[in-house]
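In: Take a look and give me a structure for this.
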Amino acid sequence: MRTAFSVLSLVLLAACASGGRGGAGPGAPSRDLLWRQAHQAMHQDSSRIALAAFQRLAAEHPGTVEGNEARFYLGTLYLDPRNFDATRASEHLELYLAADTVGGRQVRRPEAVRLLSLSRTLVLPCEQRTGALRCEPAVVTRRTPGETVVVRDGDQSAEVARLRREVAERDGTIRELREELQRIRNTLAPRPR
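Out: This next block holds a predicted model:
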(Lines give C-alpha, C1' and ligand atoms only; values in the text may rest on other atoms or scores of the structure.)
Protein backbone atom coordinates (compact mmCIF):
# COMPACT_ATOMS: atom_id res chain seq x y z
CA MET A 1 0.00 0.00 0.00
CA ARG A 2 2.78 2.34 0.93
CA THR A 3 4.53 1.67 -2.39
CA ALA A 4 1.38 2.42 -4.38
CA PHE A 5 0.96 5.69 -2.46
CA SER A 6 4.59 6.62 -3.19
CA VAL A 7 4.22 5.86 -6.89
CA LEU A 8 0.99 7.86 -7.07
CA SER A 9 2.68 10.79 -5.27
CA LEU A 10 5.60 10.76 -7.71
CA VAL A 11 3.24 10.70 -10.70
CA LEU A 12 1.25 13.64 -9.27
CA LEU A 13 4.43 15.58 -8.51
CA ALA A 14 5.70 15.01 -12.05
CA ALA A 15 2.37 16.12 -13.47
CA CYS A 16 2.38 19.29 -11.35
CA ALA A 17 5.95 20.10 -12.32
CA SER A 18 5.27 19.70 -16.03
CA GLY A 19 1.88 21.46 -15.73
CA GLY A 20 3.59 24.67 -14.64
CA ARG A 21 5.74 24.64 -17.79
CA GLY A 22 3.10 23.40 -20.21
CA GLY A 23 0.54 25.22 -22.33
CA ALA A 24 -3.16 25.87 -21.85
CA GLY A 25 -4.25 22.26 -22.22
CA PRO A 26 -3.25 18.79 -23.30
CA GLY A 27 -1.39 18.82 -26.58
CA ALA A 28 -0.58 22.53 -26.30
CA PRO A 29 3.07 23.45 -26.82
CA SER A 30 5.06 24.37 -23.75
CA ARG A 31 6.29 27.92 -23.34
CA ASP A 32 9.86 26.73 -24.02
CA LEU A 33 8.72 25.23 -27.32
CA LEU A 34 6.77 28.40 -28.23
CA TRP A 35 9.84 30.47 -27.33
CA ARG A 36 12.07 28.36 -29.62
CA GLN A 37 9.50 28.40 -32.45
CA ALA A 38 9.16 32.18 -32.28
CA HIS A 39 12.92 32.76 -32.38
CA GLN A 40 13.43 30.20 -35.12
CA ALA A 41 10.76 31.94 -37.22
CA MET A 42 12.48 35.30 -36.64
CA HIS A 43 15.82 33.87 -37.72
CA GLN A 44 14.21 32.36 -40.81
CA ASP A 45 12.68 35.76 -41.60
CA SER A 46 9.12 34.49 -41.19
CA SER A 47 7.67 37.39 -39.28
CA ARG A 48 4.06 36.22 -39.58
CA ILE A 49 4.85 32.96 -37.75
CA ALA A 50 7.05 34.78 -35.24
CA LEU A 51 4.26 37.27 -34.50
CA ALA A 52 1.76 34.45 -33.96
CA ALA A 53 4.10 32.52 -31.65
CA PHE A 54 5.05 35.60 -29.58
CA GLN A 55 1.39 36.66 -29.32
CA ARG A 56 0.43 33.21 -28.09
CA LEU A 57 3.33 33.18 -25.65
CA ALA A 58 2.36 36.59 -24.26
CA ALA A 59 -1.31 35.61 -23.98
CA GLU A 60 -0.85 32.14 -22.46
CA HIS A 61 2.10 32.93 -20.17
CA PRO A 62 1.72 36.60 -19.15
CA GLY A 63 3.41 36.35 -15.74
CA THR A 64 6.51 34.53 -16.95
CA VAL A 65 9.83 35.89 -18.15
CA GLU A 66 9.19 34.45 -21.62
CA GLY A 67 5.69 35.94 -21.76
CA ASN A 68 7.02 39.37 -20.89
CA GLU A 69 9.99 39.10 -23.25
CA ALA A 70 7.49 38.16 -25.98
CA ARG A 71 6.01 41.66 -25.54
CA PHE A 72 9.41 43.18 -26.30
CA TYR A 73 9.80 41.08 -29.44
CA LEU A 74 6.24 41.89 -30.56
CA GLY A 75 7.09 45.58 -30.23
CA THR A 76 10.18 45.18 -32.40
CA LEU A 77 8.37 43.05 -34.98
CA TYR A 78 5.64 45.68 -35.35
CA LEU A 79 8.34 48.26 -36.12
CA ASP A 80 9.57 46.07 -39.00
CA PRO A 81 8.44 47.64 -42.32
CA ARG A 82 6.76 44.36 -43.37
CA ASN A 83 4.48 44.39 -40.29
CA PHE A 84 4.61 48.10 -39.53
CA ASP A 85 2.05 49.22 -36.97
CA ALA A 86 3.53 51.86 -34.67
CA THR A 87 0.44 51.88 -32.43
CA ARG A 88 0.65 48.14 -31.74
CA ALA A 89 4.41 48.39 -31.26
CA SER A 90 3.85 51.11 -28.64
CA GLU A 91 1.22 49.01 -26.86
CA HIS A 92 3.48 45.96 -26.57
CA LEU A 93 6.53 47.96 -25.51
CA GLU A 94 4.47 49.80 -22.86
CA LEU A 95 3.26 46.44 -21.49
CA TYR A 96 6.84 45.17 -21.46
CA LEU A 97 8.05 48.19 -19.52
CA ALA A 98 5.02 48.22 -17.19
CA ALA A 99 5.81 44.67 -16.06
CA ASP A 100 9.06 45.97 -14.54
CA THR A 101 7.70 47.10 -11.16
CA VAL A 102 11.13 47.48 -9.59
CA GLY A 103 12.53 49.61 -12.42
CA GLY A 104 15.64 48.77 -14.35
CA ARG A 105 15.68 45.01 -13.76
CA GLN A 106 14.64 44.02 -17.28
CA VAL A 107 17.48 43.07 -19.57
CA ARG A 108 16.18 44.96 -22.61
CA ARG A 109 14.84 48.01 -20.77
CA PRO A 110 17.15 50.59 -22.46
CA GLU A 111 16.27 49.27 -25.93
CA ALA A 112 12.57 49.12 -25.07
CA VAL A 113 12.56 52.74 -23.87
CA ARG A 114 14.19 53.94 -27.10
CA LEU A 115 11.96 51.80 -29.32
CA LEU A 116 8.89 53.04 -27.45
CA SER A 117 9.98 56.63 -28.08
CA LEU A 118 10.48 55.80 -31.76
CA SER A 119 7.08 54.11 -32.10
CA ARG A 120 5.31 57.00 -30.36
CA THR A 121 6.99 59.46 -32.73
CA LEU A 122 6.03 57.42 -35.79
CA VAL A 123 2.37 57.59 -34.78
CA LEU A 124 2.45 61.41 -34.96
CA PRO A 125 1.55 63.31 -38.14
CA CYS A 126 4.58 64.26 -40.25
CA GLU A 127 4.56 67.94 -39.28
CA GLN A 128 4.74 67.10 -35.55
CA ARG A 129 7.74 64.77 -35.84
CA THR A 130 11.24 65.99 -35.10
CA GLY A 131 14.66 65.47 -36.60
CA ALA A 132 15.24 62.76 -39.17
CA LEU A 133 11.76 61.30 -38.59
CA ARG A 134 10.10 64.39 -40.03
CA CYS A 135 8.50 63.41 -43.34
CA GLU A 136 9.50 65.03 -46.56
CA PRO A 137 6.51 66.72 -48.16
CA ALA A 138 5.20 64.99 -51.24
CA VAL A 139 5.99 66.80 -54.46
CA VAL A 140 3.61 66.55 -57.40
CA THR A 141 4.64 67.83 -60.80
CA ARG A 142 1.93 68.49 -63.37
CA ARG A 143 2.78 69.50 -66.90
CA THR A 144 0.36 71.11 -69.30
CA PRO A 145 1.24 72.71 -72.62
CA GLY A 146 3.35 75.74 -71.82
CA GLU A 147 3.15 75.26 -68.04
CA THR A 148 4.82 73.18 -65.34
CA VAL A 149 3.34 73.21 -61.85
CA VAL A 150 5.18 71.87 -58.81
CA VAL A 151 3.00 71.34 -55.74
CA ARG A 152 4.28 70.58 -52.23
CA ASP A 153 2.13 68.88 -49.58
CA GLY A 154 1.17 72.10 -47.80
CA ASP A 155 0.20 73.81 -51.06
CA GLN A 156 -2.48 71.29 -52.03
CA SER A 157 -5.43 73.43 -50.97
CA ALA A 158 -4.17 76.29 -53.17
CA GLU A 159 -3.70 73.88 -56.07
CA VAL A 160 -7.23 72.47 -55.61
CA ALA A 161 -8.70 76.00 -55.58
CA ARG A 162 -6.75 76.91 -58.74
CA LEU A 163 -7.94 73.75 -60.52
CA ARG A 164 -11.55 74.47 -59.54
CA ARG A 165 -11.25 78.00 -60.99
CA GLU A 166 -9.85 76.56 -64.23
CA VAL A 167 -12.71 74.06 -64.48
CA ALA A 168 -15.29 76.79 -63.81
CA GLU A 169 -13.70 79.02 -66.48
CA ARG A 170 -13.68 76.18 -69.02
CA ASP A 171 -17.31 75.31 -68.18
CA GLY A 172 -18.22 78.97 -68.81
CA THR A 173 -16.35 78.98 -72.12
CA ILE A 174 -18.07 75.75 -73.21
CA ARG A 175 -21.49 77.19 -72.27
CA GLU A 176 -20.79 80.37 -74.27
CA LEU A 177 -19.61 78.36 -77.30
CA ARG A 178 -22.72 76.16 -77.18
CA GLU A 179 -24.95 79.23 -77.03
CA GLU A 180 -23.08 80.76 -80.00
CA LEU A 181 -23.37 77.49 -81.94
CA GLN A 182 -27.11 77.38 -81.27
CA ARG A 183 -27.45 81.01 -82.42
CA ILE A 184 -25.57 80.16 -85.66
CA ARG A 185 -27.81 77.12 -86.24
CA ASN A 186 -30.89 79.25 -85.71
CA THR A 187 -29.57 81.83 -88.17
CA LEU A 188 -28.71 79.28 -90.87
CA ALA A 189 -31.82 77.17 -90.48
CA PRO A 190 -34.26 77.40 -93.39
CA ARG A 191 -37.22 79.65 -92.66
CA PRO A 192 -40.70 78.32 -93.15
CA ARG A 193 -42.49 80.01 -96.13
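In: When you work out contacts or count neighbours from here on, use the C-alpha atoms and nothing else.
Out: Fine.
In: Residues contacting stretch 114-122, please?
Out: 75, 76, 79, 86, 87, 89, 90, 93, 94, 129, 133 (C-alpha atoms under 8 Å, 6 or more residues apart in numbering).
In: Now do the nearest residue to the first one once chain neighbours are set aside against residue 189, distance only.
Out: So that's residue 75. Nearest residue to residue 75 in three dimensions, chain neighbours excluded: residue 89, at 4.0 Å (C-alpha to C-alpha, 6 or more residues apart in numbering). Using C-alpha to C-alpha, to the nearest Å, one gets 75 Å for the distance from residue 89 to residue 189.
In: can you give me the strands for this structure?
Out: 139-144, 147-152 (DSSP state E).
In: check contacts around the residue nearest to residue 75.
Out: 74, 75, 76, 77, 78, 79, 116, 119.
In: Using PyMOL, define a selection of the buried residues within those residues.
Out: Applying 16 or more other C-alpha atoms under 10 Å to the contacts of residue 89 leaves a buried subset, and the PyMOL line that selects it is:
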select buried, resi 74+75+76+77+78+79+116+119
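In: Let's have the contacts of residue 89 in CSV, adding pLDDT.
Out: Formatted as CSV, those follow (pLDDT from 0 to 100):
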residue, pLDDT
74, 95
75, 94
76, 94
77, 94
78, 94
79, 93
116, 93
119, 91
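In: shaky segments in the chain?
Out: Scanning the chain for pLDDT under 70 picks out the ranges 1-28, 101-104, 136-156.
In: biggest helix in it by residues?
Out: helix 156-188 (DSSP state H).
In: Got the domain ranges for the chain?
Out: 29-133, 139-188 (automatic domain parsing).
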